[in-house]
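Trainee: Give me a model of this one.
(chains A and B)
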Amino acid sequence: MKIATWNVNSLKVRLGHVLDWLAQSGVDVVCLQELKLTDDKFPTAELAAAGFASVFTGQKTYNGVAILVRDTLPIDNATVSKNIPGFEDPQQRVIAATVAGRRIVSAYFPNGQAPGTEKFAYKLQWLAALQVWITAELERYPELALLGDFNIAPEDRDVHDPKAWEGQNLVSPEERAAFAGLIALGFTDTFRLFEQPERAFSWWDYRMLGFRRNAGMRIDHILTSPALTPAVLSCHIDKVPRGWEQPSDHAPVTVELK
DNA sequence: ATGGCTTGCACCGCAAGA
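Mentor: Sure thing, here's the model as predicted:
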């Protein structure tokens, strides 16, 4: 089973890329973020025609997350949950579902803007709520994968220019402490289980030729729980769609599971 | 040099992303 995460930066604009990538990547489960559309605009029929069932929660203009599941795999609609229970939030950032007995969580972590701002405070509150909820979710579903746009670069090697970024949004000590909190629950950053290229990133700024210069950050992650990690066979970032015409600024990240 | 692209929304400029 191959699982993936991809911030598509508007599913309306990127539907063609998503369909192409579904066809050529061989993925079975895809977590999407930044749909930027309301549920009535979700392209359920187009994805079904491509062989994928969808669960999603969207809103106008911003945010929105989905899980696409190859229709040969069982997905029980009764297991779908949206948002973080107990954390009141109009922003649609989390959806979870159980696929073939494995809990799949698609999350779009807040950007945070900059340390000291209201948006950064919201990010830290959201991270604290996620930590509490995912702890309970782990108890209930030992085989769990947390996939998404974390908007956190865990280490300096995940940043193209760590000196220039020191202390800034995406790399601040508070954000990295929250990431470490997830690791302390037993989660594994699957990307680092394997040998990887130097300067491997999942997001590149549209501006200043970010992709061409490989001036990026690794902020999209797939974390697996202790019971699931032994099933992880590989993890890689697929840079190919980032080079397509009118791309998302994020690349998909994939994990192959036994 | 706080810009630089891209998106959505609503108008012809703005907020937001990371």
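Trainee: Chain A against DNA strand B: which residues are in contact?
Mentor: A:7, A:9-10, A:12-13, A:34, A:36-37, A:60-62, A:110-111, A:113-114, A:119, A:149, A:151, A:169-170, A:203, A:205-208, A:217, A:219, A:246, A:249-250 (C-beta under 7 Å from any atom of the strand). Every residue, glycine included, has its C-beta placed from N, CA and C.
Trainee: Just the buried residues from the residues you listed, in PyMOL please.
Mentor: With 16 or more other C-beta atoms under 10 Å as the burial test, the buried ones among the residues of chain A next to DNA strand B are selected in PyMOL as follows:
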select buried, chain A and resi 7+9+34+36+37+110+149+151+169+170+203+217+219+249+250
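Trainee: what about the helices in the stretch 51-200 of chain A?
Mentor: A:118-140, A:162-165, A:173-184 (DSSP state H, counting those that start in this stretch).
Trainee: out of the ones you listed, nearest to A:Glu155?
Mentor: Closest of the helices of the stretch 51-200 of chain A to A:Glu155 is helix A:173-184, at 8.0 Å (criterion: C-beta to C-beta).
Trainee: Please spell out which residues along stretch A:138-148 are buried.
Mentor: A:Leu138, A:Tyr141, A:Glu143, A:Leu144, A:Ala145, A:Leu146, A:Leu147, A:Gly148.
Trainee: The residues you listed: which two are farthest apart?
Mentor: A:Glu143 and A:Gly148 (17.5 Å).
Trainee: returning to that earlier point: of the helices of the stretch 51-200 of chain A, give the one that comes closest to A:Val69.
Mentor: Of the helices of the stretch 51-200 of chain A, nearest to A:Val69 by C-beta to C-beta is helix A:118-140, at 18.3 Å.
Trainee: buried residues in the closest one?
Mentor: Under 16+ other C-beta under 10 Å, the buried positions of helix A:118-140 are A:Phe120, A:Tyr122, A:Lys123, A:Leu124, A:Trp126, A:Leu127, A:Ala129, A:Leu130, A:Trp133, A:Ile134, A:Glu137, A:Leu138.
Trainee: Chain neighbours aside, what residue packs nearest to the fourth one?
Mentor: By the measure of C-beta to C-beta, 6 or more residues apart in numbering, the closest residue to A:Leu124 outside its immediate chain neighbours is A:Glu174, 5.9 Å from it.
Trainee: same check, this time on the first one
Mentor: Using C-beta to C-beta, 6+ apart and skipping the chain neighbours, the partner closest in space to A:Phe120 is A:Gly112 (4.5 Å).
Trainee: That neighbour contacts A:Glu175, correct?
Mentor: Yes - using C-beta atoms under 8 Å, A:Gly112 makes contact with A:Glu175 at a distance of 7.0 Å.
Trainee: which residues do those two both contact?
Mentor: Common contacts of A:Gly112 and A:Glu175, defined by C-beta atoms under 8 Å, 6 or more residues apart in numbering, comprise A:Lys123, A:Asn151, A:Asn169.
Trainee: Among these, which one lies nearest to DNA strand B?
Mentor: A:Asn151 (5.2 Å; C-beta to the nearest atom of the strand).
Trainee: and the closest one, what does it touch?
Mentor: A:Phe109, A:Pro110, A:Asn111, A:Gly112, A:Lys123, A:Leu170, A:Glu175, A:Ile219.
Trainee: Right, I'll call it a day here.
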